[in-house]
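[1] Starting from these lines, generate the structure:
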Amino acid sequence: MFAILLALITTIQPTRATMPTDWPDHVLSFPYPAQTRPEKPQLILFRQDFEQLERNRSVIQTPLTIGDRRFQRGLGTHSVSHIRIRSPRPITRFRAWVGVDSNERTSGGLGSVTFHVEADGRELARSPVLRGGQPAHRMDVEVGGGTSLDLRVADAGDGPGCDHADWAEAQVELDDGSVHWLDALETGLAEPGARYPFRFLYGGRESDALLPDWPHTVQRGQVGERAITITTWADPGSGLRVILEATRFRDFPAVEWLLRFANEGTADTAVIEEVHAMDLTLRAPYAMPPYSVFRLNGGTPTPDQFEPATLPVSRSGVVTLGSGAGRSSSRNFPFFKIEARESQILVAVGWSGSWSARLECPDPATLRVTAGLEKTRFVLHPGEKVRGPRMLALYHAGDTRDSHSQFRRLIATHFAARRAGKPLLPIPFSNTCFTRGGGWLNECNAENQISLIRAYAPLGLEAVITDAGWFEGGWPAGAGNWNPRKDAYPEGMGPVAKAALDRGMVYGLWYEPERVVAGTEIHRTRPEWVLGSQAGPQETYLLNFGLPEVQEYFF
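    Numbers count the residues shown, from 1 in each chain. Here you go, the predicted model:
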């Protein structure tokens, strides 16, 4: 099942303007350029509660004016604000004229702020409370040689109303004597994510460091509206092959990829671990906290199942999402979104078991998204191969509700099952719950199931499914005994299935083959087939479908 991330973002690291139609091409234009150390100081806006940071004008885009003095250079911000200057060389001094900007909204003494200069968590200087109409206050601060300087504006304790704050003629001086105006500084970038849309460790080394030096081949093809590219990297020192199959949709601004590993050598591979099927660093066009995650609770049978919630993503608020309990939608439903402003990226993690996603902001303009299997650490024996989750990302600019419709159209067009070339319509069916009679009574039997079939068939129902509890031991203790209960189904399930078939209905049984309860047939007779989550006995085990004999037994 797909686990969906909806993220508002515009470009992949490094930043460059991107339109919806070419965003998928940027995703596949790897390796992404590595970030180089800046040669000059950079400016990063971590927080600004209102409006946008302006250069050489006030926050409402009027000339920079403090009191009756007009300034040609500087930064216009609004409380509460936090700006960081990051420099490749030690910063020795900071200078600025500060105050509440004089404009039509602050006339009459409106607005009250304090300005703070900090380095390495230490406050170096603080202004008095400054109000609208007052003259500019001079700040000339000895920094002491750090490479990072924080400039903060607080609301003076009376709220942020009309707190238009100016850092006029703001500049930093470095240890080499060079002076840099803050309004001329480039906007700094966060630390980059992976240079590919995925990441893993091989033999303890990052894939970013390995793949550029590995020989690779590229195959391209076309299937209908899908352009398919298969890139294969070969480790020169072993038989490991890393295969990325990417699909670009001509009729949707979407891209899908699947990461595989194969051992074509004669010896075991080194350890492959920390596999992230998605690792993207995405950037919004605005350097202010724009991200929030909208997600749904999972499908557990509780009153709050599928309940929506919105969570902020920030430097201090990392959001983690995941399946929980080994199923794709137990803890978090596999549809969620991260949005800001008026564009979104919809992302899907295609995996039926445990998945996880982590969303964090290294700076306010940047969102790093990693997603994939919850835990990975393995080697491949000769001839073995393994795949990861299938990832899907769709870009949308505009109303967030329209993005939902566009994503549904993508799924209906390219992923929904079809029969004879036509979409399948939902089937009306009945599912008889194992709680019939209340609690764990497991009162379903051949007689009452056949009676239901006789009653439901004239109503137009096309299928009947018997839920858990039909097997020896009932639910939950009997999961792992996949034989019908003799007390309830003395002739097996055949008579029930025949009753449905005779009336043109499909009959189904609930299975959870991966669940093995201690003491059931599989646990007693095939203990080598099960996996435990801890040393020693436990109540429930997981069937190891990685074993060929287990696959043969069930399929």
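
[2] Residue 377 pairs with what?
    residue 273 (DSSP bridges).

[3] wait, doesn't it sit right on residue 204?
    No: judged on C-beta atoms under 8 Å, residue 377 makes no contact with residue 204 at a distance of 11.4 Å. Heads up, the C-betas are built off the backbone N, CA and C, glycines and all.

[4] which regions of the stretch 1-150 of the chain sit below the pLDDT cut-off?
    Within the stretch 1-150 of the chain, the segments meeting pLDDT under 70 span 1-21, 34-37.

[5] since we're on residue 428, how many residues are nearby?
    Residue 428: 11 surrounding residues under other C-beta atoms under 10 Å.

[6] how about the residue nearest to it when sequence neighbours are not counted, what does it touch?
    In space, and not counting its chain neighbours, residue 428 is closest to residue 461: 5.0 Å by C-beta to C-beta, 6 or more residues apart in numbering. Neighbouring residues of residue 461 by C-beta atoms under 8 Å, 6 or more residues apart in numbering: 428-430, 505.

[7] What are the buried residues along the biggest strand by length in the chain?
    Longest strand of the chain, by residue count under DSSP state E: strand 385-397. For strand 385-397, a neighbour-count test (16 or more other C-beta atoms under 10 Å) marks 388-397 as buried.

[8] List just the nearest of these to residue 330.
    If you rank those by distance to residue 330 using C-beta to C-beta, residue 389 comes first, at 16.3 Å.

[9] Just read off the phi/psi values of the nearest residue to the closest one once chain neighbours are set aside.
    Closest residue in space to residue 389, ignoring its immediate chain neighbours: residue 351 at 3.9 Å, by C-beta to C-beta, 6+ apart. Reported as degrees, to the nearest 10, the phi and psi values for residue 351 are phi -160, psi 130.

[10] Poorly predicted segments of this protein, please.
    1-21, 34-37, 188-193, 284-290, 315-316, 325, 340-342, 364, 433-441.

[11] Tell me, domain by domain, which residues of it belong where.
    Split into domains by the TED database, the chain comes to 42-184, 197-424, 429-554.

[12] and of the ones you listed, who's closest to residue 25?
    Nearest of the domains of the chain (C-beta to C-beta): domain 197-424, 7.3 Å.

[13] Mind giving me the packing neighbours of the one helix or strand residue 259 maps to?
    Assessed by DSSP states H and E, residue 259 sits inside strand 254-263. On a contact count with 3 or more C-beta pairs under 8 Å, 6 or more residues apart in numbering; DSSP states H and E, strand 254-263 meets helix 23-27, strand 240-249, strand 385-397.

[14] got the contact list for that strand?
    Contacts to strand 254-263, defined as C-beta under 8 Å, 6+ apart, come from residues 24, 27-28, 197-198, 238-249, 269, 272, 275, 277, 380-388, 390-395, 410.

[15] could you flag which of the residues you listed are buried?
    Counted by 16+ other C-beta under 10 Å, those give 24, 27-28, 197-198, 238-249, 269, 272, 275, 277, 380, 388, 390-395, 410 as buried.

[16] and the lengthiest helix in the chain, what does it pack onto?
    Determined from DSSP state H, the single longest helix within the chain is helix 400-414. Other helices and strands packing on helix 400-414, by 3+ C-beta pairs under 8 Å, 6+ apart, are strand 2-7, strand 332-339, strand 343-350, strand 385-397.

[17] and if we set it to 10 Å?
    Applying 3 or more C-beta pairs under 10 Å, 6 or more residues apart in numbering; DSSP states H and E, one finds that helix 400-414 contacts strand 2-7, strand 240-249, strand 254-263, strand 332-339, strand 343-350, strand 385-397.

[18] Can I get the fourth one as CSV, trimmed to CA atoms?
    C-alpha atoms of strand 332-339 as CSV (Å, rounded to 0.1, in the frame of the first residue of the first chain):
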residue,chain,number,x,y,z
ASN,A,332,-0.4,6.6,10.6
PHE,A,333,-2.7,6.2,7.7
PRO,A,334,-0.6,6.1,4.5
PHE,A,335,-1.9,9.4,3.2
PHE,A,336,-0.5,12.7,4.6
LYS,A,337,0.8,16.0,3.3
ILE,A,338,3.2,18.8,4.1
GLU,A,339,2.1,22.1,2.7
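
[19] could you give the angle of that strand to strand 385-397?
    For strand 332-339 against strand 385-397, the angle by axes from the mean of the first three to the mean of the last three C-alpha atoms, to 10 degrees is 40 degrees.

[20] Tell me which strands strand 332-339 pairs with, and in which orientation.
    By DSSP bridges, strand 332-339 pairs with strand 2-7 (parallel), strand 292-297 (antiparallel).

[21] Can you give the distance from that strand to the centre of its chain?
    8 Å (C-alpha atoms, centre = their mean, to the nearest Å).

[22] same deal with the third one?
    Strand 254-263 has its average C-alpha position 17 Å from the chain's average C-alpha position, going by C-alpha atoms, centre = their mean.

[23] List the strands paired with it, with their directions.
    Using DSSP bridges, strand 254-263 pairs in its sheet with strand 240-249 (antiparallel), strand 385-397 (antiparallel).

[24] For residue 82, which of those is the nearest?
    strand 385-397 (28.6 Å).

[25] Compute the inter-axis angle for the closest one and helix 400-414.
    140 degrees.

[26] circling back: any chance of the strands paired with strand 254-263 in CSV, with distance to residue 209 too?
    Below are the strands paired with strand 254-263 laid out as CSV (distance: least, C-beta to C-beta, whole Å):
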stretch, distance to residue 209
strand 240-249, 13
strand 385-397, 20
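
[27] picking up where we left off before, surely the residue nearest to residue 389 meets residue 392?
    No: between residue 351 and residue 392 there is no contact under C-beta atoms under 10 Å: 11.6 Å.

[28] Can you check which residues contact both of residue 377 and residue 204?
    Here residue 377 and residue 204 share the contacting residues 271, 273, scored by C-beta atoms under 10 Å, 6 or more residues apart in numbering.

[29] if we can go back for a sec, as TSV, the buried residues of strand 385-397 with distance to residue 65 would be great.
    Formatted as TSV, the buried residues of strand 385-397 follow (distance: C-beta to C-beta, whole Å):
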residue	distance to residue 65
388	57
389	55
390	56
391	51
392	51
393	46
394	46
395	41
396	41
397	36
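
[30] the strands in the stretch 101-250 of the chain, which residues?
    For the stretch 101-250 of the chain, applying DSSP state E, counting those that start in this stretch gives strands covering 112-119, 122-126, 130-131, 137-142, 148-154, 164-174, 179-181, 186-187, 199-202, 205-206, 216-223, 226-234, 240-249.

[31] Show me what the fourth one is packed up against.
    In other words, strand 137-142. Taking 3+ C-beta pairs under 10 Å, 6+ apart as the contact cut, strand 137-142 packs with strand 91-100, strand 112-119, strand 122-126, strand 164-174.

[32] ok, now with 7 Å
    Contacts defined by 3 or more C-beta pairs under 7 Å, 6 or more residues apart in numbering; DSSP states H and E place strand 137-142 against strand 91-100, strand 112-119, strand 122-126.

[33] One more: the longest one?
    The contact analysis (3+ C-beta pairs under 7 Å, 6+ apart) places strand 164-174 against strand 74-78, strand 91-100, strand 148-154, strand 179-181.

[34] Many thanks, have a good one.
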